[in-house]
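Novice: Please find the sequence and the predicted model below.
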Amino acid sequence: MLRWGSRNHTTAGNDSEDRDQKVQELRTAIGPISGRSLKYCTDACLRRYLVARNWHVDKARKMLEDTLRWRSAYKPEEIRWHEVAGEGKTGKIYRSGFQDRQGRVVIFLRPGVENGDSHDGQIRYMVYLIENAILNMSSGQEQMVWLIDFTVWSMGRAVPMKTAREAVNILQNHYAERLYAAFLYHPPRIFGTFWKILKYFLDPKTFDKVKFVYPKHEESMELMRKHFDLEMLPLEFGGKRKVTYNHEEFSKLMAKDDIRMSEVWGLEDKNSRPSIDHSASGGFSKVNP
C-alpha cells in the first residue's frame, strides 16, 4: 500500500514537472516578444492556452499567436468605459457584486433587455467587461462565471447570429480558459432554435461549460446551490437577494477601474474620466428582500 501510494505521488510530481516543461516549450516556441505581449504571456497565461489545446504545444502556440495578433490590433486593454457606456444603460451585461463559492467573478447577462443594434458596439462592450472581470479576479483565481437570465427573452430580442458567433469566437479563442461555466437560467423553448445554430460554433471545451438551468427542476437548482450562496444570488436566478441595476453607480465603479487598468498596463490614462469616490456596489443597489 505504501509503495502504491508512493508511486502515485511520484507520478503526480512527474505530471507537474512535465507540464512546467510544456510551459517553457511554449515560451520558446513563440519566440522573442516584448511590450504588452510580454506582459500578457505570463506562465499562468501560457498554461491556460496549453490546457485549452490539451497540452499540445504547437496547437497552443498557434492559438496564442492568433490572440497576440488580435490583441495588438484590437487593443482591448485600451477600451474605456465612457466609450462603451451607452451599450450598458439597460444592464444587459455587467459585473456583479459577488463571487461564486470558489471566489470567481460573476458576470450577469440579461439578453432580454438588449438595447444595441451595433455589431461593433456590442462586441466592444463584451470585450471591455471581460477585461474588467479579469482585472477584478482574486489572487490565484483565473476564471469567471456567466449567469445568463432568459426570463424576459424573446427571438425579437436576440442578438444577430453574426454578433453571437463573433462573441463566441473571441471568448473561446482569445480568452483561453477564462470561462469556468455559463449558466443559462430559464431559457424558453423557442431559444432551442437559436441554440441549435450557435452550438456548432462552440469548441468541445466551451460546449461542456454551458449549463442549462430550469427553476422547476430540482437537479438544476441543486447545481445553482452547489456553485452559489443563495443569500447572495439574485431572485432572478433562484436566489434570495433582490437587486436592481444602477447604471450611474456602475459607471462610477468602471471609471475607477479604468484608472487601475491603465496602471496595470502602464498606459497614460488619457481616455478615462475619473469619478467622485463612492461605495462600490458592483453595479446594482441592494433592495431589502
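Specialist: Sure thing, it's come through.
Novice: pretty sure residue 183 is in a helix, no?
Specialist: No - with DSSP: H, G, I helix; E, B strand; the rest coil as the criterion, residue 183 is strand rather than part of a helix.
Novice: That one: how many residues sit nearby?
Specialist: By other C-beta atoms under 10 Å, the residues close to residue 183 number 23. Any C-beta I mention is one placed from the backbone N, CA and C, and that applies to glycine too.
Novice: Please name the residues that touch it.
Specialist: 145, 146, 147, 148, 211, 213, 223, 224, 227, 237 (C-beta atoms under 8 Å, 6 or more residues apart in numbering).
Novice: try 7 Å this time
Specialist: By C-beta atoms under 7 Å, 6 or more residues apart in numbering, the residues touching residue 183 are 146, 147, 148, 211, 213.
Novice: and if you look at residue 114?
Specialist: Residue 114 makes contact with 92, 157, 159 under the criterion C-beta under 7 Å, 6+ apart.
Novice: Could you do residue 136 as well?
Specialist: 95, 105.
Novice: Tell me if I'm right that residue 234 and residue 243 touch.
Specialist: Yes - with contact defined as C-beta atoms under 7 Å, residue 234 reaches residue 243; the gap is 5.0 Å.
Novice: More neighbours: which of the two?
Specialist: For the pair residue 234 and residue 243, the greater number of neighbours falls to residue 243 (24 against 20), based on other C-beta under 10 Å.
Novice: gap between the closest residue in space to residue 160 that isn't next to it in sequence and residue 189?
Specialist: Excluding the flanking residues, the one nearest residue 160 by C-beta to C-beta, 6 or more residues apart in numbering is residue 119, at 6.8 Å. From residue 119 across to residue 189, the span is 27 Å (C-beta to C-beta, to the nearest Å).
Novice: Likewise for residue 256?
Specialist: Per C-beta to C-beta, residue 256 is found 42 Å from residue 189.
Novice: The closest residue to residue 41 other than its chain neighbours: neighbour count?
Specialist: Once flanking residues are discounted, residue 41 sits nearest to residue 33: 6.3 Å by C-beta to C-beta, 6+ apart. By other C-beta under 10 Å, 15 other residues sit near residue 33.
Novice: Likewise for the one 10 residues further on?
Specialist: Counted with other C-beta under 10 Å, the burial measure for residue 43 works out to 12 neighbours.
Novice: for this structure, where's the lowest mean pLDDT among helices and strands?
Specialist: Each helix and strand of the chain was given a mean pLDDT (mean pLDDT, DSSP states H and E); the minimum falls on strand 284-287 at a mean of 41.
Novice: sorry, back to before: isn't the residue nearest to residue 41 up against residue 39?
Specialist: No - counting by C-beta under 7 Å, residue 33 does not reach residue 39; the two are 9.4 Å apart.
Novice: Could you look up the SS state of the residue nearest to residue 41?
Specialist: coil.
Novice: Now it. Its backbone dihedrals?
Specialist: Main-chain dihedrals, residue 33, degrees, to the nearest 10: phi -140, psi 160.
Novice: hey, where'd the helices end up in the chain?
Specialist: 2-30, 35-40, 43-52, 57-74, 81-84, 119-135, 161-174, 191-198, 204-208, 218-227, 247-265 (DSSP state H).
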